[in-house]
Structures are given as structure tokens and as C-alpha cells.
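S.K.: fold the stuff below for me.
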Amino acid sequence: MNDPDLARQIVEAQNRDARLDPDNDSDDDFRDDSPGWAPQYRDYDLHAKQLGDLINTVAALNQTVRALVGAKARAVDPYPVPRTALPDAEVDQARADGDAILNMLGMRDEVHSD
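M.R.: Down below sits the predicted model:
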């Protein structure tokens with residue numbers, strides 16, 4: 001860890017991620033919706049997926065136990081997976097399909113009054 005820029009980025013990420021501190025109950029409702037870190041696709045193999053599934057399961061179990069004892073269950077972000085263009089392509093395809101159906105039914109002008 002001789003790279004000062006990398007060390008600074010790690011410290012900043014740890015400071016932003018206050019939900020990892022079990023003693024910090026002040027930010028329970030805070031949820032960071034920024035894209036955040038995601039592993040590169042070439043580094044994401046079966047072992048990384050299984051580890052992510054295990055981490056998600058333990059987090060869900062932790063939330064369940066906290067809820068059972070009456071404590072407020074914290075919002076837990078799922079383990080990050082690689083970002084690909086597939087979700088965006090699926091949304092675009094769904095919009096195109098919806099527009100095609102509306103055009104076939106002749107309702108395109110009623111829905112989008114631009």
C-alpha cells in the first residue's frame with residue numbers, strides 16, 4: 001500500500017460508508033444511491049459470485065435477527081456486481097416494444113402529447 005492516492009480513496013470510501021460502523025445509529029435512514037464501486041467483469045468469476053451471495057445472505061440474516069429482537073433493521077446494499085450494458089439495453093428494448101404496441105393500437109398520440 002505505497003500508493004498515497006489509492007490509500008486516500010480507500011479512507012474516503014470507508015468514511016462515506018458509515019453503515020458499516022455498528023455503533024453509528026445516527027445515519028440509519030441514509031442510503032447512498034450513487035453508482036459506487038463495481039468489480040470489473042473480467043475479475044468476476046464463480047467464486048466472486050458465491051462470495052457475494054454469501055455476503056448478501058448473512059446481511060439478510062442479520063437484518064432478520066435485528067428485526068426479531070425489536071431493533072431497527074438497517075438498509076443493506078447488495079454486494080456489487082459488474083456493470084454491463086445489458087440492463088440499459090433491456091430498458092431500451094422494453095420502451096421500443098411498448099412504443100410499437102402503442103403504435104399498432106393507434107394510441108401513440110394520446111399517450112405522448114409532445
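
S.K.: how long is stretch 69-82 end to end?
M.R.: Terminal residues of stretch 69-82 lie 35 Å apart, using Cα to Cα, to the nearest Å.

S.K.: helices along the chain, start to end?
M.R.: 4-16, 46-68, 86-105, 108-111 (DSSP state H).

S.K.: residue 76 and residue 94, how far apart?
M.R.: Residue 76 sits 28 Å away from residue 94 when distances are taken as Cβ to Cβ, to the nearest Å. Heads up, the C-betas are built off the backbone N, CA and C, glycines and all.

S.K.: which one's more surrounded, those two?
M.R.: Just comparing residue 76 and residue 94: by other Cβ atoms under 10 Å the higher neighbour count belongs to residue 76, 15 against 10.

S.K.: burial count for the residue nearest to the more buried one when sequence neighbours are not counted?
M.R.: Closest residue in space to residue 76, ignoring its immediate chain neighbours: residue 59 at 4.4 Å, by Cβ to Cβ, 6 or more residues apart in numbering. Using other Cβ under 10 Å, the number of residues around residue 59 comes to 15.
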